[in-house]
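[1] Let's see this in three dimensions:
(chains A, B, C and D)
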2 protein chains.
Amino acid sequence: MPKATFYNLKEEKRQILIDAAKQEFSRVSLYEASISNILKTAGIPRGSFYQYFEDKEDAFFYLLNEHAKERHECLVSNLKKFEGDLFKAISEIFRSTLEHSEDKGQRDFIRNVLLNMNYKIENTFSQYLSEDVANERYDDIYDLVNAEQLNVASRKEMFHVMQILTAVTFHNLIHSVSNNLSVSAAMKKYETELKLLQLGLMRSSS
Amino acid sequence: MPKATFYNLKEEKRQILIDAAKQEFSRVSLYEASISNILKTAGIPRGSFYQYFEDKEDAFFYLLNEHAKERHECLVSNLKKFEGDLFKAISEIFRSTLEHSEDKGQRDFIRNVLLNMNYKIENTFSQYLSEDVANERYDDIYDLVNAEQLNVASRKEMFHVMQILTAVTFHNLIHSVSNNLSVSAAMKKYETELKLLQLGLMRSSS
DNA sequence: CTTGACTTGTGACACGGTGTCACATATAGT
DNA sequence: ACTATATGTGACACCGTGTCACAAGTCAAG
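    Have a look, this model is predicted:
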């Protein structure tokens, strides 16, 4: 987490830092990124950076978390919009993430995040879906989902549904970006797989 | 890919290098690993390393690919053993990977690989399952799978089944390792989700 | 206003890792 | 023995990191 000094910064200066960091993390992945470049872009001395952040990761995960919050809001509002239809809501999130990742500016940041996704990064996104934490946002989602629609008997089972959807959704996002699929090609693949998920991978014994 | 000089090396010396590299990549992730440590352990001079490998990544992916080959053989033999039952076969792979990752030596390498899994690493594992490549191994798998069992009409659709299973399996592996689940707890979660996948996430309209 | 306590800014520096290169050494064919 | 080709070697230049001692601000109490 950023240090207190970071939050004490004047709005304007903080934004300059954020922009500089985002620019560097858009250029390359977290591991290739260099603090030196952020300093150069932001025009601040080396020591200052370490007043605000623990290290490179700290800055990166700050940015990522801000992003994840927005995505979470997006999911909540989609669930409302589609009256609890989890599949429609998540499919919209998928599309908007892909489209989002075509905007200049945002684009390369999300690309780099997806291409270097690991469990720590994924957790930053899906932390609001984990069951154990005393997590208000967890309830946000679960209350909104129309559970009637789902093949689950309990709240606990719904957790597994979320896990599966998370896994497949991220997998598709990453696949789309790393193979430069067009938005429509990506959607087609994703929706095919969602359909399979809904109906089941196994042939119903008839 | 390692350079020709690496393959020309005497068996014994090559093994020393491999062991040293594996040791370093077991200590920390690819990005934290240092070539210097490998040199020290293997007792070779700096210049030599660059005779054999392009860089750190090159050595890492060489090791990983060797590992992936073994896993692939394992999947093939499981498919034969279970007479084409994809779910049983993949579930066995899951278990053996987890158990494998309890052995001393292998253990930390696999742990680090899983904890730092990204699309490039995942592709190293699942390259044999991709549909487009002119890939004998692709056929290996697909011919062995009992498609009758599956809710697919074509070979093309089976690709999506594999994609989903890959996504969910890796997701569970990573989750198990990062949360230090016991093998049995991990199996329980994984099999619950496999069951859900088989039957479908959606309640059959009755 | 000034003194002192605390917070924030600064950049030179030591450290450690990387990849290269000129040179040394080995190997094999003639 | 001679030459060509492959391999071994480690000093070196380069770059990024995180720290630290010191400078500069801020602010409240006397």
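
[2] now the helices for chain A?
    Taking DSSP state H as the test, the helices found in chain A are A:4-8, A:11-27, A:35-42, A:46-52, A:56-81, A:86-100, A:106-115, A:119-126, A:136-144, A:155-178, A:183-199.

[3] Now tell me which of the ones you listed the model trusts least on average.
    Note on the helices of chain A: helix A:136-144 shows the lowest mean pLDDT, a mean of 83.

[4] helices and strands around that helix, which ones?
    Packed against helix A:136-144 by the contact rule (3 or more C-beta pairs under 8 Å, 6 or more residues apart in numbering or on different chains; DSSP states H and E) you find helix A:56-81, helix A:155-178. In this view, the C-beta of every residue, glycine as well, is placed from N, C-alpha and C.

[5] what's in contact with stretch A:119-137?
    Residues outside stretch A:119-137 that contact it (C-beta atoms under 8 Å, 6 or more residues apart in numbering or on different chains): A:61, A:64-65, A:68, A:71-72, A:113, A:138, A:140-141, A:156, A:159, A:162, A:166, A:170, B:114-115, B:117, B:174-175, B:178.

[6] ok, 6 Å please
    With contacts defined as C-beta atoms under 6 Å, 6 or more residues apart in numbering or on different chains, stretch A:119-137 is touched by A:Leu64, A:Asn65, A:Ala68, A:His72, A:Phe159, A:Met162, A:Thr166, B:Ile174, B:Ser178.

[7] now do stretch A:139-150
    With C-beta under 6 Å, 6+ apart as the criterion, stretch A:139-150 contacts A:Val76, A:Leu79, A:Gly84, A:Leu86, A:Val161, B:Arg203.

[8] Show me just the buried residues among these.
    For these, a burial check counting by 16 or more other C-beta atoms under 10 Å in any protein chain shown picks out A:Val76, A:Leu79, A:Gly84, A:Leu86, A:Val161.

[9] with these in mind, which one is nearest to chain B?
    Distance to chain B across the buried ones among the contacts of stretch A:139-150 (C-beta to the nearest C-beta) is lowest for A:Val161, with 5.3 Å.

[10] Looking at chain A, which residue is nearest DNA strand C?
    A:Gly47 (2.1 Å; C-beta to the nearest atom of the strand).

[11] Can you report how many residues neighbour that residue?
    When neighbours are defined as other C-beta atoms under 10 Å in any protein chain shown, A:Gly47 has 8 of them.

[12] do the same with A:Ser154
    Quick note: A:Ser154 (other C-beta under 10 Å) scores 8 neighbours.

[13] and the contacts of stretch A:139-150 near DNA strand D, which?
    Among those, no residue lies close to DNA strand D (C-beta under 7 Å from any atom of the strand).

[14] Tell me which two in those are the farthest apart.
    A:Val76 and B:Arg203 (23.1 Å; C-beta to C-beta).

[15] Let me have the buried ones among the contacts of stretch A:139-150 in JSON lines, adding distance to A:Lys13 as columns.
    Output for the buried ones among the contacts of stretch A:139-150, formatted as JSON lines (distance: C-beta to C-beta, whole Å):
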{"residue": "A:Val76", "distance to A:Lys13": "32"}
{"residue": "A:Leu79", "distance to A:Lys13": "37"}
{"residue": "A:Gly84", "distance to A:Lys13": "43"}
{"residue": "A:Leu86", "distance to A:Lys13": "42"}
{"residue": "A:Val161", "distance to A:Lys13": "44"}
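
[16] my read: A:Met158 touches A:Val152, true?
    Yes - applying C-beta atoms under 6 Å as the test, A:Met158 and A:Val152 come out as touching, 4.9 Å apart.

[17] buried stuff in stretch A:33-47?
    Residues A:Ala33, A:Ile35, A:Asn37, A:Ile38, A:Leu39, A:Thr41, A:Ala42, A:Ile44 are the ones in stretch A:33-47 that count as buried (16+ other C-beta under 10 Å).

[18] Out of the helices and strands packed on helix A:136-144, which gets nearest to chain B?
    Per C-beta to the nearest C-beta, nearest to chain B of the helices and strands packed on helix A:136-144: helix A:155-178, 3.6 Å.

[19] what about that closest one and chain B, touching?
    Yes - against chain B, helix A:155-178 shows contacts by C-beta under 6 Å from any C-beta of the partner chain at A:His160, A:Val161, A:Ile164, A:Ala167, A:Val168, A:His171, A:Ile174, A:Ser178.

[20] and that helix, how far out from the chain's middle?
    12 Å (C-alpha atoms, centre = their mean, to the nearest Å).

[21] and it with helix B:119-126, angle?
    100 degrees (axes from the mean of the first three to the mean of the last three C-alpha atoms, to 10 degrees).
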